[in-house]
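J.: My questions concern the predicted model and sequence given below.
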Amino acid sequence: MTDVAVVGSANADLVVEVPRRPGGGETLIGGELRTLPGGKGANQAAAAARSGAATAFVGCVGDDGNGAFLRSRLSEAGADVSALASVDAATGTAIILLTPDGENSIVVSPGANHAFDLDAAARVSAVWEGAPVVVLSLEIPHETAFHVASAASTAGSRVLLNAAPSVRVGREVLQHCDPLVVNEHEALEVLGASSDDPDADDYPRLAQRLLAAGARSVVVTLGSEGALVAEGSAEAPEIEAVPAYRVSAVDTTGAGDAFVGATAAELARGRSLREAVRFATAVSAVAVQRVGAQSSYADRAEVEEFIASHA
């Protein structure tokens, strides 16, 4: 039985440490190039599996060395990759520049991820349709992601949509999201708003507006400031701030994906959204203290030990 079905992207992350972000036309000498497993969907699947959920990953990689590498690393994390297709395209690639403060700049070449179209989703619908929790993000074709959200919700799944990379999302999709997970910038994009919006820095108000736009529940992630959880009616929402753990960040790559995967795993265990977010905050806190995305994710026992040590 699958607890969590993650439908999304898989990328090979090419990571280079740099002293700072280069300016236009500037060449910098960076550190050693490392190839690590990544992609929003694959990261989320690895995090869900390491958090203890029976997890299936659905997507596409190329029939190449990077594709085999990603398939192997997902299996090592405990995810079922039987619905991960190999297609005639290069595996998706992310080029990541990592600065000493642990922040990153990322350019993604989607490659095989673009092959996950409606037909590809239909061929493996038995894996995701009706799974207790279905996780989606937007590094695959948006038409496919939005179709899966609707079909999975209709079949009785709880749909977690991580609207990243950010786009405007209509009510016809938001009505299936329980929760919608966005950062502060993505919240504005989903609403079709800009940084000039009067509520741009009022995160409870943004969460309330997302509920009014159709989402069943909302999580706004705020990096080192934690997250906001919003549930209930848009007129009188229940909003709770969940603080982040105070740790020294080494690399924030994939921390948001760790948060999403762990949230999904907890929801599949029957936890409330607020309980799930509290656990996911710990998962991401452990992850940012290590280099890489999937390579930084801890098993559940280690996360529970971390929580106990910070009680």
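T.: The structure has been received and is ready for your questions.

J.: now the residue most central in space within the chain, nearest residue through space, not along the chain?
T.: With distances taken as Cα atoms, centre = their mean, the residue of the chain nearest its centroid is Asp257 (3.3 Å). With sequence-adjacent residues excluded and distances taken as Cβ to Cβ, 6 or more residues apart in numbering, Asp257 is closest to Asn43, at 3.5 Å. In this view, the C-beta of every residue, glycine as well, is placed from N, C-alpha and C.

J.: For the helix or strand that contains that neighbour, enumerate the helices and strands it packs against.
T.: In the assignment (DSSP states H and E), Asn43 maps to helix 40-50. Counting contacts by 3 or more Cβ pairs under 8 Å, 6 or more residues apart in numbering; DSSP states H and E, helix 40-50 packs against strand 4-7, strand 55-62, helix 65-77, strand 133-137, helix 255-268.

J.: Compare those and give me the one nearest Gly111.
T.: Taking Cβ to Cβ, strand 55-62 is the member of these nearest to Gly111, at 6.2 Å.

J.: quick one: that closest one to helix 255-268, angle?
T.: Here strand 55-62 runs at an angle of 140 degrees relative to helix 255-268 (axes from the mean of the first three to the mean of the last three Cα atoms, to 10 degrees).

J.: which secondary structure elements does strand 55-62 contact?
T.: Helices and strands touching strand 55-62, by 3+ Cβ pairs under 8 Å, 6+ apart, are strand 4-7, helix 40-50, helix 65-77, strand 84-87, helix 125-128.

J.: how about those in a markdown table, adding mean pLDDT?
T.: Listed next are the helices and strands packed on strand 55-62 as a markdown table, based on pLDDT from 0 to 100:
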| stretch | mean pLDDT |
| --- | --- |
| strand 4-7 | 98 |
| helix 40-50 | 98 |
| helix 65-77 | 97 |
| strand 84-87 | 98 |
| helix 125-128 | 98 |
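
J.: How much space separates the closest residue to Val190 other than its chain neighbours from Val288?
T.: Nearest-residue entry for Val190: Val169, 4.8 Å, with adjacent residues in sequence omitted and distances by Cβ to Cβ, 6+ apart. Val169 is 27 Å from Val288, where distance means Cβ to Cβ, to the nearest Å.

J.: Ok, His310 next?
T.: From His310 over to Val288 the distance is 14 Å, taken as Cβ to Cβ.

J.: What of Arg50?
T.: Using Cβ to Cβ, Arg50 is found at 15 Å from Val288.

J.: And for Thr263?
T.: According to Cβ to Cβ, Thr263 stands 16 Å off from Val288.

J.: Tell me where the chain is predicted with low confidence.
T.: Along the chain, no part satisfies pLDDT under 70.

J.: sorry, back to before: so for Val169 and Val288, which residue has more residues nearby?
T.: Val169 (27 against 23; other Cβ atoms under 10 Å).

J.: That one against Leu188, yeah?
T.: No: because the distance of 11.8 Å does not satisfy Cβ atoms under 8 Å, Val169 is recorded as not touching Leu188.

J.: if we can go back for a sec, could I get the helices and strands packed on strand 55-62 in TSV, plus columns for mean neighbour count and distance to Gly31?
T.: Shown next, in TSV, are the helices and strands packed on strand 55-62 (neighbours: other Cβ atoms under 10 Å; distance: least, Cβ to Cβ, whole Å):
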stretch	mean neighbour count	distance to Gly31
strand 4-7	32	31
helix 40-50	33	22
helix 65-77	19	21
strand 84-87	19	31
helix 125-128	17	39
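
J.: I appreciate the help and will end here.
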